[in-house]
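>>> predicted model follows, preceded by the sequence.
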Amino acid sequence: MRRHPLLLISVALLLTAWSATAGIPRTEAQQAITKIRGQEPLRSALMGVLAVRADGDTIVALNIREKLVPASNMKLLTTGLALHRLGADYRFETRLAYSGEIVDGRLQGDLYLVGGGDPTTGARTDCAEAVNKTFAAWAQLLADAGITAIDGRVLGDPRIFGDVTPQNLGWTFDDLGCNYGAGPTGLNFFENAQNFYITPGAAGLPVNYRVQYPDTPWMQYANHTVTGSARSSNSLYYVNGSLAPLGELAGSFPIDRRGYTLECTNAYGAYTCAYYFHNFLQQTAGVEVKGGWGDITPQGGIRTDLSFGAALDAAAAPEELTRLGSTFSAPLSEIVRDTNGESDNFYAETLLKMVSLRSGRTAGQDDCQDAAEAGMRALGLRTDNCYQQFDGSGLSRKNYVSPEFFVKFLRKMTTLPVWDAFFASLPTPGAKGTLEDRFPKAPQEFKDRIHMKTGSMNGVRCFSGYILSTDGDPKHTIIFSLLINNCPAASYLMVPPMDAIIEALAAEN
């Protein structure tokens, strides 16, 4: 793989401390950004900016040590750390194994889909394999072992993560039912999402809904929605949990709006995966399965009935299973590309959990936080009073990072062997991803120089990344972080000032 020229700069030069506190930089970018900062919609916002050249010159410095909510800029830290700790070629493994024994082609026991945390199973991002291709590979492992029928069950086994609550406890309640608020387990399916198709009903009556994908016949839904008046707001939301197969649709939907897909969460990812593979075996692979399907709880119980309080059989311990074989995800470099390019929360959360596991900890939230901080310190980055990582995706408002810390981290990444994979994962304007519609009238030469991650939530807008130099000199590459908090202006009002800031920075090289 071709090395980006920034790697040619010596490690010593890259890690040389810059002085952003000795005085305000006398650059045109500093002046332009100060002016933008003093106008609406940023006048009353809290804003921090640091931009330095790779050789250490400071371009812009404004509130560089202010600890701010970074939103999805947190994915830069998660993906960079995952690449460093796991390696760009790392692949998630899913094992097929069984209990009991094989007699005359019949498995007299249960088939286990032993998850290794793969977030791409059944997903629809570029790095994910088509689900039927994955299932065909799994079915081939059975065929290679001579299994033509299963007397037991197909069981989804997500125990590697062991989470009782896969979703982060720092996420707000209104995010938990949205597809971007799905939590990963050891075995996943369709990023543990659930899609509904919504159309308006009669005025004042509930909306019409139908389950689109995946099919989840075990679920029951309470429809507490209402069809609102013309031009009213769409406030639909979905609530569910892992205690029982119940979901609630609520909120209002305007009567004059066309139908659309409401993307929500599925609390039974491993169960859904087992259900779909069970059907594939019987309908496509010609393998009879007598016992149905189920999953395994973090406590080691086999669930075939999702009713709360149902009696559970004990699952076989992992070391007691007989292995049939394994399949593997795409390389981590490709998963990271989709994580940053599409700002995929589900992938980011999975990466942090795996980093924690590989650090000798559990995949629990506290251990993930500890693993992230320990990883930063191992990179030589001080974390006190400048960095708090509460999740992997940036969905939590308990994340706090300073612009200075982001820039130090981004500089450090340029010195690591995984730099190529990390840099290639960052979106550019006009290309597929979160920057696809930014800078539509800018020349291609400008777009090609911008490589940055977006971050947004209510009141928060962020950009962090790299701006390549026009002269091709890697020492002139600008490394920057722009974090804006407490600015609940409409998204379209935030585009002009933020783009103007990036343009001002780019004009410096």
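The structure has been received and is ready for your questions.
>>> the longest helix in this structure is where?
Secondary structure of the chain per DSSP state H: the longest helix is helix 491-506.
>>> tell me what that helix is packed against?
The contact analysis (3 or more Cβ pairs under 8 Å, 6 or more residues apart in numbering; DSSP states H and E) places helix 491-506 against helix 28-37, strand 450-457, strand 460-467, strand 478-485. Where C-beta positions appear, they are placed from N, C-alpha and C, glycine not excepted.
>>> contacts for that helix, please.
The contact list for helix 491-506 (Cβ atoms under 8 Å, 6 or more residues apart in numbering) reads 28-29, 32-33, 36, 39, 41-42, 49, 51, 59-60, 438-439, 442, 446, 449-450, 452, 456, 461, 463, 467, 478, 480, 482, 484, 487.
>>> and with 7 Å instead?
Contacts to helix 491-506, defined as Cβ atoms under 7 Å, 6 or more residues apart in numbering, come from residues 29, 32-33, 36, 41-42, 51, 59-60, 438-439, 446, 449-450, 461, 463, 467, 478, 480, 482.
>>> sorry, back to before: now the helices and strands packed on helix 491-506 in JSON lines, with distance to Ala82, mean neighbour count and mean pLDDT?
As requested, these are arranged in JSON lines below (distance: least, Cβ to Cβ, whole Å; neighbours: other Cβ atoms under 10 Å; pLDDT from 0 to 100):
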{"stretch": "helix 28-37", "distance to Ala82": "32", "mean neighbour count": "17", "mean pLDDT": "97"}
{"stretch": "strand 450-457", "distance to Ala82": "14", "mean neighbour count": "23", "mean pLDDT": "98"}
{"stretch": "strand 460-467", "distance to Ala82": "17", "mean neighbour count": "25", "mean pLDDT": "98"}
{"stretch": "strand 478-485", "distance to Ala82": "20", "mean neighbour count": "26", "mean pLDDT": "98"}
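>>> now do the helices in the stretch 351-500 of the chain.
For the stretch 351-500 of the chain, the helices defined by DSSP state H, counting those that start in this stretch occupy 365-378, 403-413, 419-424, 444-449, 491-506.
>>> so which of these gets nearest Glu129?
Proximity to Glu129 (Cβ to Cβ) singles out helix 419-424 among those, at 19.5 Å.
>>> got the CA positions of that closest one in CSV?
C-alpha atoms of helix 419-424 as CSV (Å, rounded to 0.1, in the frame of the first residue of the first chain):
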residue,chain,number,x,y,z
TRP,A,419,-1.7,5.5,9.3
ASP,A,420,-2.6,4.5,5.7
ALA,A,421,-5.8,2.7,6.8
PHE,A,422,-6.8,5.5,9.1
PHE,A,423,-6.2,8.3,6.6
ALA,A,424,-8.1,6.4,3.9
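>>> do me a favour and average the pLDDT over it.
Taken as a whole, helix 419-424 has an average pLDDT of 98.
>>> ditto for stretch 84-101
Computed over stretch 84-101, the average pLDDT equals 98.
>>> quick check: pLDDT value at Arg2.
42.
>>> with Ala17 instead?
For Ala17, the predicted pLDDT is 41.
>>> before we move on, what about Gly472?
89.
>>> ok, back up a step: okay, the helices of the stretch 351-500 of the chain, which one's buried deepest?
helix 403-413 (a mean of 24; mean count of other Cβ atoms under 10 Å).
>>> nearest spatial neighbour of Ser83, skipping sequence neighbours?
That one is not Ser; residue 83 is Leu. Leaving out its chain neighbours, the residue that sits closest to Leu83 by Cβ to Cβ, 6 or more residues apart in numbering is Val418, at 4.0 Å.
>>> now Ser464: how far from Pro41?
20 Å (Cβ to Cβ, to the nearest Å).
>>> do you know how far the nearest residue to Tyr213 once chain neighbours are set aside is from Asn345?
Distances taken as Cβ to Cβ, 6+ apart put Asn195 closest to Tyr213, at 5.3 Å, once the chain neighbours are dropped. Distance of Asn195 to Asn345, computed by Cβ to Cβ: 16 Å.
>>> and the two? Which one has more around it.
Asn345 (28 against 16; other Cβ atoms under 10 Å).
>>> could you report the pLDDT at Gln12?
Careful, residue 12 is Ala and not Gln. Confidence score, pLDDT, at Ala12: 39.
>>> now the element after the host helix or strand of the residue nearest to Tyr213, going C-ward?
Using DSSP states H and E, the element containing Asn195 is strand 193-199. Once strand 193-199 ends, the next helix or strand along the chain (criterion: DSSP H and E) is strand 208-213.
>>> list the neighbouring strands of that following strand plus their orientation.
When sheet partners are counted by DSSP bridges, strand 208-213 sits next to strand 193-199 (antiparallel).
>>> and for the strand it pairs with, what's in contact with it?
By Cβ under 7 Å, 6+ apart, strand 193-199 touches 179, 182, 207-214, 216, 236, 253, 259-266.
>>> and stretch 426-433, by the same measure?
340-342, 434-436, 438-439, 442, 447-448, 450-453, 465.
>>> can you do 6 Å?
340-342, 434-435, 438-439, 447, 450-451, 465 (Cβ atoms under 6 Å, 6 or more residues apart in numbering).
>>> check the offset of it from the chain's centre.
17 Å (Cα atoms, centre = their mean, to the nearest Å).
>>> can you tell me which residues contact the residue nearest the centre of the chain?
Centroid-nearest residue in the chain, with Cα atoms, centre = their mean: Asn345, separated by 2.3 Å. By Cβ under 6 Å, 6+ apart, the contact set of Asn345 is 180, 393, 395.
>>> start to end distance for stretch 92-105?
By Cα to Cα, to the nearest Å, the extent of stretch 92-105 from end to end equals 30 Å.
>>> tell me which residues in it are buried?
By 16 or more other Cβ atoms under 10 Å, the buried positions in stretch 92-105 come out as 92, 94-100, 102.
>>> ok so, going back, just send the contacts of stretch 426-433 back as JSON lines, with distance to Val114 too.
Output for those, formatted as JSON lines (distance: Cβ to Cβ, whole Å):
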{"residue": "Asn340", "distance to Val114": "29"}
{"residue": "Gly341", "distance to Val114": "30"}
{"residue": "Glu342", "distance to Val114": "28"}
{"residue": "Thr434", "distance to Val114": "34"}
{"residue": "Leu435", "distance to Val114": "38"}
{"residue": "Arg438", "distance to Val114": "42"}
{"residue": "Phe439", "distance to Val114": "46"}
{"residue": "Lys447", "distance to Val114": "44"}
{"residue": "Ile450", "distance to Val114": "42"}
{"residue": "His451", "distance to Val114": "38"}
{"residue": "Gly465", "distance to Val114": "38"}
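>>> nearest to Pro119 among those?
So of these, ranked by how close each gets to Pro119 (Cβ to Cβ), first place is Glu342, at 12.3 Å.
>>> counting neighbours, what do you get for that closest one?
Counted with other Cβ under 10 Å, Glu342 comes out at 16.
>>> check His476 too.
With other Cβ under 10 Å as criterion, His476 counts 17.
>>> so what's it closest to, chain neighbours aside?
In space, His476 is closest to Ser469, 3.6 Å off (Cβ to Cβ, 6+ apart).
>>> what pLDDT does the residue of the chain most remote from its centre get?
Distance from the centre of the chain peaks at Asp104, with 44.5 Å (Cα atoms, centre = their mean). For Asp104, the model assigns a pLDDT of 97.
>>> separation between it and Thr148?
9 Å.
>>> centre of the chain to stretch 316-333, how far?
Per Cα atoms, centre = their mean, the centroid offset for stretch 316-333 relative to its chain is 23 Å.
>>> that stretch spans what distance, first to last residue?
34 Å.
>>> and the strands in the stretch 151-300 of the chain, which stretches?
With DSSP state E, counting those that start in this stretch as the criterion, the stretch 151-300 of the chain has strands at 154-157, 193-199, 208-213, 220-228, 237-240, 246-254, 260-265, 288-289, 293-296.
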